[in-house]
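Visitor: just a sequence and a predicted model for now, questions to come.
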Amino acid sequence: MSVEGMWAVYFGDFGGQQVNSGVAVMETGRVFGGDSMMAYLGSYQVNGGKLTGEIKVWAFNPHQVVTTAFGKLGTPEGSMVRLEGDFDGSGNEITGLLWETDSPQLKIPAKLVKVAELPN
């Protein structure tokens, strides 16, 4: 099971109607990605069937007002987000939780689905 690859990232309220999505590339302990409003950059670790990560998330367009998935105003300074999740049996899906490190009481569900291997 290799975590390295391109992953679709879904986060928000899976029981309701609000689900946000983005793309993240995981390679050699590093995460690079984003969505239409936010950029992601950080690191991850794999221990057995668990993935953990610390990711800086920030609004990259200074001309666009952005509300984050946590209900806050997105800023160019951004915030640090923690990800903890478990791999499924195939190693191609991860389900877990996301939260801002300065607000650990507000956790939102997250699901990552591997969409591609990295090119050689």
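Guide: Cool, got the structure. Note that the structure is predicted; figures quoted are calculated from it, not measured.

Visitor: G96 - how many residues pack around it?
Guide: By other C-beta atoms under 10 Å, 20 other residues sit near G96. From N, CA and C alone the C-beta is placed, and that goes for glycine too.

Visitor: beta partners of it?
Guide: Beta-bridge pairing of G96 under DSSP bridges involves G85, A110.

Visitor: and for A39?
Guide: Beta-bridge partners, per DSSP bridges, of A39: G34, W58.

Visitor: now do the SS call for R82.
Guide: Recorded secondary structure, R82: strand (DSSP: H, G, I helix; E, B strand; the rest coil).

Visitor: if I look at it, how far off is N61?
Guide: 25 Å (C-beta to C-beta, to the nearest Å).

Visitor: which one of these two has more residues nearby?
Guide: Neighbours were counted for R82 and for N61 using other C-beta under 10 Å; R82 has more, 17 against 13.

Visitor: let me see the contact set for the more buried one.
Guide: Contact analysis of R82 by C-beta atoms under 8 Å, 6 or more residues apart in numbering lists 52-55, 98-101, 104.

Visitor: now the strands for this protein?
Guide: For the chain, the strands defined by DSSP state E cover 5-12, 19-27, 30-34, 38-47, 50-59, 79-87, 93-100, 108-116.

Visitor: what comes into contact with the fifth one?
Guide: The reference is to strand 50-59. 3, 31, 37-45, 66, 68, 74-87, 94, 96, 101.

Visitor: among these, name the buried ones.
Guide: 3, 31, 37-40, 42, 44, 68, 74, 78-79, 81-83, 85, 87, 94, 96 (16 or more other C-beta atoms under 10 Å).

Visitor: run through this protein and note the low-pLDDT ranges.
Guide: Counting by pLDDT under 70, the chain shows low-confidence ranges at 1, 14-18.

Visitor: from what I can see E117 touches W7, true?
Guide: No - using C-beta atoms under 8 Å, E117 is not in contact with W7; the gap is 11.0 Å.
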